[in-house]
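K.L.:
using only what follows, build the 3D model:
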Amino acid sequence: MKKIICFFLFLFFLLLCCECADQSKFKLCSQSTFCENNREIRKNGSGPRFSFVPSSAKVDENKNLFQIDLLRSDEVEPRLFVEISSVIPGVVRVKINEKDPDLNRYEVEGVLLTENFNYQNAEIVSQNEELILLRFGSEKEKHADVKLVYGSSWKIEILNSGGEPIMVLNNDSLFNFEMDKKDFLLNKQKEKEKEAEAKNSDNEKEKEEEEEEEKNQEDDQPNYEERFGGNTDSRPYGPSSVALDVIFPDTEHIYGLPEHSTKLSLEDTEEGEPFRLYNVDILEYETESRMSLYGSIPVIISKPNNQKTLHGIFWFNPSDTWIDISTQETQTKKKLFGKNSRVSKRAHWMSETGVIDLFIMTGQEGKMYQVFEMYDTLTGFPYFPPSFSVAYHQCRWSYKTQKEIQNLNEKFDEYDIPVDVFWMDIDHTDGKKYFTFDSRTYPDPKQLSKTVSDKGRKLVAIVDPHIKKENSWELYKEAQSNDYFIKKSDRKTDYEGHCWPGTSKWPDFLNQKVIEWWGSRFSYDKYEGSTSNMHIWNDMNEPAIFNGPEMSIPRDTIHLGEIEHRNIHNSYGFFVTKGTFEGLIKRNQDQNERPFILTRSFFAGSQRYSTIWTGDNMANWDQLKYTESMLLSLGLAGAPLSGEDAGGFLNNPDEELFARWFQTSAFHPFFRSHSHTDTKRREPWVFGDPYTSIIRESVKIRYSLLPFYYTQFYKASTKGKPIMRPLWLVFPEDANALNEEVENFSYMISSSMLVSPISEKNQISKDVYLPKGCWYDFHTLEKINSKGATYKIDAPLEKIPIFYRGGKIVPRKMRVRRSSHLMQNDPITLFVFLDENKKSSGSIFIDDGHSYDFKNSNKYIHQKISFQNNKLFTKTLNSNYDPALIERILIFGLEQTPKNIMDNNNQDLIFNVDESIDMITIKKPNLSIGHDWQILIQ
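P.N.:
Sure thing, here's the model as predicted:
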């Protein structure tokens, strides 16, 4: 009977979750009081006006912080102040908060890496009755100039080195800062007085009269409650939203604001819904929609017209946030006939609560990647995961038994398809209690770990942050006894909701003790059955709650310090992965093993703890098409380690879609196939040939490219550079790279390879734009000398258009084995593609692939490889690891037949020439990665 009840409960929750595709379960702007109110300010100009108080302007005694008050037009005394600083060279921080508030606004801690801050000297360069000009930093080095403009409404301009604005704050006077918290404070004071009087009064009649009088007074007070979908948000603090408009002058294209399934360039929204950042659990999300998804990074990257630079803005606020995008056309200079117009973009930011805290990242001309390094200095560079995570992952909801995974372990070998990781979804647990295994279906998880490990493979287990309410469960009892759960709005009772286990509670990750406790649960003695070969998947961490408002937790629930959940919502998943990351490091005695974590929910800073995937996508061509822009957007917003469920999580792909999806996903940073429990089985071999062969070839291509991809992961972790890049990032002077079709449906891997996926049914060719230069077909190795043109490329079912870029060297391993671990010591083949000047360059990073020895003991190889003047040579940046043998060198595009080829010891090397594709093959050159050498071609 118990099994039957559990089954119907499961079906109920599954059906409830499936309704998430219904947008009526999620708010529109018109159903969000603060969003609608701030939009009205824009439409009607009805908002309060604020202006600077010039007499309050000052630089602090440390000479790195400027401060000035803001006065509301209908008030006598200023209640707000502005702080401006430059926390690192080229980054300007603008912060607006209340002066002496009765109730402090929440400011999230733990996201910013304040230890990286290097405050620049602040100086008032000039000041008059119209403006103040500030400078941060020295004249000789990179500095930031900021202009504050007085008037009936304040304005701040961030200037470039030529004195032109690159960003303007409050240009259109949309600034709003709601401060109506008096009713809450008054009620709180009355409650205290009432309790005190009740203790001293013996007159029941008098007490009744007082209570009746207080009730009448309460009835006269405003009611701030907000109702949606059968739920009521008490909003006890009253309205507290913040809003600000930001102009990006002379800019037609802005990017970012993940996560949304839209085109890459942010489209105008004023005639429809704004972009929304509010982490929710949504099944079957739609493409071309601005509604919320699983994660939020409040970052916009701007690409100024006709400039080789990028700027960025980071709106540091984890509460519910809406952003309206619009285009403005301004007339700048009179010409002989007519006027010259300039197009600019505007972002109107609107957040439910918190403070205004902006980081403006100013890029220098010619430095396209500078803004990414600035952002990562603020929030953390992407973590460097172990090398197996770069390979292929196999997942399903669910592989319900240990035997299923053991069979998979054999089947992949039988079909000659490499795989590195098998994933265990919720059904591997004992009754959906995380940190456990079901002893009936997974009787010996340690043996399972050893079985897959013998072939160089790993396991990943799901651990969600909802804790099953079960009084006999030791983990639940421990959390309950320590008061670790989020509270209801009464501040006393634990909040309870429904998720996969049934009635559940949610740990309060705003409490550092909870983060430490959560991490401790990953220790091998507490997480019985876990091994060092098993890594972790944090899902449902928005947090997802089946019976909660908008499928999440009520906003008026309470965290440590009486902080409402509305203040921290978008950062909840960040803190879950933080606890998981720290726990996985501490579970090993030497604390030297690099964790792998996958998360669905994320915020700014999540990149330093986890890889991200795009959630519950659908198996259709449209979702495949928009996957590229979703991943590109994540990379531009500082989260380059990302991927999707290859093949689509929901519904059943046909053979063609499944094969095309694998061909595409094989080039994404994170490469995993995953599917819903109600879908048909879809392991790589289920469709049979020719599809199995096509998928096998796609996976093997990925494995052959692992040295190249692993090097890009390392670069992302040290420089913050995206791995997937829009063409305009690599070719900033090429206007065609901004074309909608080019921007959204072709991309670069690093700056070395161009991939143009097939995302339409029955498509057997594609028009592919190739920027000016030499390009080499990945499949045929034939060269195209492009002048910046579109080419019709054959794309039969067996392949998609992929090109190596001339001028780049790509390291590969051509002996593909059953797992990446078994390829660790295999030799390298260098693919050298020459540009029109007969030059080429590249690099390679090698370490043990799993530990922090590269960081703690300097044990790694990092080597640059270059071709110039008929010489191939290396420059070793670090060589403190076992050298890797080079078995072959392939040189393309030299356009001459060598007489001989010699190494630096003047020894002749064996080579041959394939004139049909202009390829020189040097066999067994007796050279290694890790040693400096050169080869001379004569």
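K.L.:
the stretch 501-650 of the chain: strands as residue ranges?
P.N.:
For the stretch 501-650 of the chain, strands defined by DSSP state E, counting those that start in this stretch occupy the ranges 502-505, 534-538, 558-559, 563-564, 597-599, 611-613, 642-646.
K.L.:
where does residue 209 land on pLDDT?
P.N.:
Looking at residue 209, its pLDDT reads 57.
K.L.:
which one of the strands of the stretch 501-650 of the chain lies closest to residue 793?
P.N.:
Residue 793 sits nearest to strand 642-646 of all the strands of the stretch 501-650 of the chain, at 22.5 Å, using Cβ to Cβ. The way it works is simple: take the backbone N, C-alpha and C, and place the C-beta from them, glycine included.
K.L.:
grab the nearest non-local neighbour of the residue positioned nearest the centre of the chain.
P.N.:
Residue closest to the mean C-alpha point of the chain, counted by Cα atoms, centre = their mean, is residue 639 at 3.6 Å. Counting by Cβ to Cβ, 6 or more residues apart in numbering, the nearest residue to residue 639 once its immediate chain neighbours are dropped is residue 607, at 4.6 Å.
K.L.:
quick one: low-confidence residue ranges for the chain.
P.N.:
For the chain, applying pLDDT under 70 flags the ranges 1-21, 139-142, 180-222, 331-340.
K.L.:
hmm, 80 instead?
P.N.:
Counting by pLDDT under 80, the chain has low-confidence residues at 1-22, 46-47, 138-143, 180-223, 330-341.
K.L.:
quick one: the spatially closest residue to residue 353 that is not a sequence neighbour from residue 104, how far?
P.N.:
Once flanking residues are discounted, residue 353 sits nearest to residue 240: 4.4 Å by Cβ to Cβ, 6+ apart. According to Cβ to Cβ, to the nearest Å, residue 240 stands 11 Å off from residue 104.
K.L.:
more neighbours, those two?
P.N.:
Per other Cβ atoms under 10 Å, whichever of residue 240 and residue 104 has more neighbours is residue 240, with 27 against 10.
K.L.:
the more buried one against residue 106, yeah?
P.N.:
No: look at residue 240 against residue 106 with Cβ atoms under 8 Å: they stay out of range, at 9.7 Å.
K.L.:
quick check: neighbours shared by the two?
P.N.:
With contacts taken as Cβ atoms under 8 Å, 6 or more residues apart in numbering, the residues that reach both residue 240 and residue 106 are 353, 354.
K.L.:
I'd assumed residue 342 was in contact with residue 248.
P.N.:
No: taking contacts as Cβ under 8 Å, residue 248 lies outside contact range of residue 342: 11.3 Å.
K.L.:
who has more neighbours out of those two?
P.N.:
Set residue 248 next to residue 342 and count neighbours by other Cβ under 10 Å: residue 248 wins out with 25 against 15.
K.L.:
where exactly do the helices run in the stretch 201-350 of the chain?
P.N.:
In the stretch 201-350 of the chain, the helices defined using DSSP state H, counting those that start in this stretch lie at 204-219.
K.L.:
circling back: the residue nearest to residue 639 and residue 641, how far apart?
P.N.:
7 Å.
K.L.:
pull out the buried positions in stretch 168-181.
P.N.:
Neighbour counts over stretch 168-181 (16 or more other Cβ atoms under 10 Å) mark 168-179, 181 as buried.
K.L.:
so which of those residues belong to strands?
P.N.:
Using DSSP state E, the members of these that fall within strands are 168, 169, 176, 177.
K.L.:
ok, the third one - contacts?
P.N.:
In this structure, residue 176 makes contact with 38, 41, 47, 48, 241, 242, 243, 244, 350, judged by Cβ under 8 Å, 6+ apart.
K.L.:
export those residues to CSV and tack on distance to residue 300 and neighbour count?
P.N.:
Below are the contacts of residue 176 laid out as CSV (distance: Cβ to Cβ, whole Å; neighbours: other Cβ atoms under 10 Å):
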residue, distance to residue 300, neighbour count
38, 18, 27
41, 20, 20
47, 22, 18
48, 26, 15
241, 19, 22
242, 17, 27
243, 15, 26
244, 13, 23
350, 14, 28
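K.L.:
restricted to strands, list those.
P.N.:
242, 243, 244, 350.
K.L.:
nearest to residue 489 among the residues you listed?
P.N.:
Among those, and counting by Cβ to Cβ, the member closest to residue 489 is residue 242, at 22.4 Å.
K.L.:
that closest one: what's it in contact with?
P.N.:
96, 176, 177, 178, 317, 350, 351, 353, 354, 355, 356.
K.L.:
redo that, cut-off 6 Å
P.N.:
177, 351, 356 (Cβ atoms under 6 Å, 6 or more residues apart in numbering).
K.L.:
just grab the bridge partners of the first one for me.
P.N.:
Using DSSP bridges, the bridge partners assigned to residue 177 are residue 242.
K.L.:
can you offset everything so residue one is 273?
P.N.:
Okay, residue one is now 273; in that scheme the one you just asked about reads as residue 449.
K.L.:
distance of it relative to residue 1162?
P.N.:
With Cβ to Cβ as the criterion, residue 449 and residue 1162 are 62 Å apart.
K.L.:
what's the closest of the strands of the stretch 773-922 of the chain to residue 549?
P.N.:
strand 883-885 (14.7 Å).
K.L.:
ok, the closest one: who's next to it in the sheet?
P.N.:
Going by DSSP bridges, the partners of strand 883-885 are strand 869-871 (parallel), strand 914-918 (parallel).
K.L.:
name the residues that touch the helix or strand just after the longest one?
P.N.:
Meaning strand 914-918. Following strand 914-918 in sequence order, the next helix or strand is helix 927-937 (DSSP states H and E). Contact with helix 927-937 is made by 896, 918, 919, 943, 959, 963, 966, 967, 970, 1029, 1030, 1072, as judged by Cβ under 6 Å, 6+ apart.
K.L.:
no further questions, thank you.
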